[in-house]
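A.B. asks: the amino acid sequence is not available; the structure is as follows:
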């Protein structure tokens with residue numbers, strides 16, 4: 001019985017999923033952050049080794065017996081000097097011929113669209129889009145939080161901090177966001193937010209991104225400034241999708257499916273509906289579809305495809321739900 005391991009690395013968590021050639025779930029696990037720019041490469045390697053070992057043990061599969069694994073990592077391919085280290089990140093636990101590393105955007109695309117032609121937009125801690133059309137591949141966005149990751153949870157939080165500062169000193173009318181932010185951080189003075197964000201220690205990328213639901217709460221309470229942040233986020237995500245569409249050279253009269261993944265899309269009433277509306281504007285033709293599978297299932301499917309054993313659509317459907325064992329650490 002062939003088995004395939006999918007690993008979807010993220011900014012705050014990493015999911016592991018082991019399936020067999022019939023599309024049956026054999027094991028699952030959840031580890032910590034795979035964002036090595038924040039945690040370091042040694043921590044990434046240790047986390048992956050622990051997760052792979054736990055998943056294989058749970059599934060009763062020896063490393064030497066595994067069919068293939070695909071490891072999706074954030075920021076993979078964005079530093080040529082680090083590629084040799086990243087591409088061999090699991091050699092201490094898996095034979096080199098048994099796995100391949102790539103950007104985690106591939107996990108989202110393969111899961112959301114079942115590995116078929118189309119574009120997937122990821123908006124989690126960061127943001128990026130990836131698509132395939134007639135064997136052509138393209139990506140857009142995902143340049144990091146300092147000057148990109150538009151529409152992501154980090155971007156939403158950063159825009160909200162800007163909005164709070166403007167509310168505080170009178171450049172914007174104070175709304176629900178102002179009071180929610182003060183309560184969240186128990187601010188004695190508004191300027192104390194600087195100490196919260198800049199430190200020491202500075203607020204980490206993932207902890208800053210965790211403010212996005214607070215911004216959503218403010219928008220739902222009628223804060224027009226917070227609502228505007230989400231409207232702008234949807235516009236930014238649509239622009240990233242357009243860039244992938246144009247790189248793929250999709251003919252003007254062709255409708256291409258677009259799906260989505262990432263924690264930001266849990267805010268369905270805000271981001272998802274606004275993005276769908278944004279995509280209906282302009283001349284490009286899209287069919288907005290709900291994701292078929294979570295990214296970790298996409299990673300497992302992609303592992304099977306790389307092994308020359310693509311799974312059937314029926315097998316794909318059975319992977320729609322699965323339980324994830326939390327990392328006890």
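C.D. replies: Received, thanks. Computed from a predicted structure; not experimentally measured.
A.B. asks: quick check: longest helix in the chain by residues?
C.D. replies: In terms of residue count, the longest helix belonging to the chain (DSSP state H) is helix 224-247.
A.B. asks: so after the helix or strand containing residue 6, what's the next helix or strand?
C.D. replies: Residue 6 is part of strand 3-9, with elements assigned from DSSP states H and E. With elements assigned by DSSP H and E, the helix or strand that comes after strand 3-9 is strand 14-20.
A.B. asks: and that next one, which strands flank it?
C.D. replies: Strand 14-20 pairs in its sheet with strand 3-9 (antiparallel), strand 25-31 (antiparallel), by DSSP bridges.
A.B. asks: okay, these in JSON lines with mean neighbour count and distance to residue 38 next?
C.D. replies: C-betas here are computed from N, CA, C, even on glycine. Converted to JSON lines, the strands paired with strand 14-20 look like this (neighbours: other CB atoms under 10 Å; distance: least, CB to CB, whole Å):
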{"stretch": "strand 3-9", "mean neighbour count": "29", "distance to residue 38": "12"}
{"stretch": "strand 25-31", "mean neighbour count": "21", "distance to residue 38": "15"}
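A.B. asks: can you say which of those is nearest to residue 89?
C.D. replies: Nearest to residue 89 among the strands paired with strand 14-20 is strand 3-9 (10.0 Å), distances taken as CB to CB.
A.B. asks: quick one: average pLDDT of the closest one?
C.D. replies: The average pLDDT within strand 3-9 is 97.
A.B. asks: packing partners of the longest helix of the chain?
C.D. replies: Under the contact criterion of 3 or more CB pairs under 8 Å, 6 or more residues apart in numbering; DSSP states H and E, helix 224-247 touches strand 118-123, strand 127-133, strand 136-141, helix 153-169, helix 176-185, helix 212-220, helix 273-279.
A.B. asks: please identify the deepest-packed of these.
C.D. replies: Using mean count of other CB atoms under 10 Å, the stretch among the helices and strands packed on helix 224-247 with the greatest mean number of neighbours is strand 118-123 (a mean of 30).
A.B. asks: report the angle between it and strand 127-133.
C.D. replies: Between strand 118-123 and strand 127-133, the angle comes out at 170 degrees (axes from the mean of the first three to the mean of the last three CA atoms, to 10 degrees).
A.B. asks: against which helices or strands is strand 118-123 packed?
C.D. replies: Secondary elements touching strand 118-123 (3+ CB pairs under 8 Å, 6+ apart): helix 105-113, strand 127-133, helix 224-247, strand 255-261.
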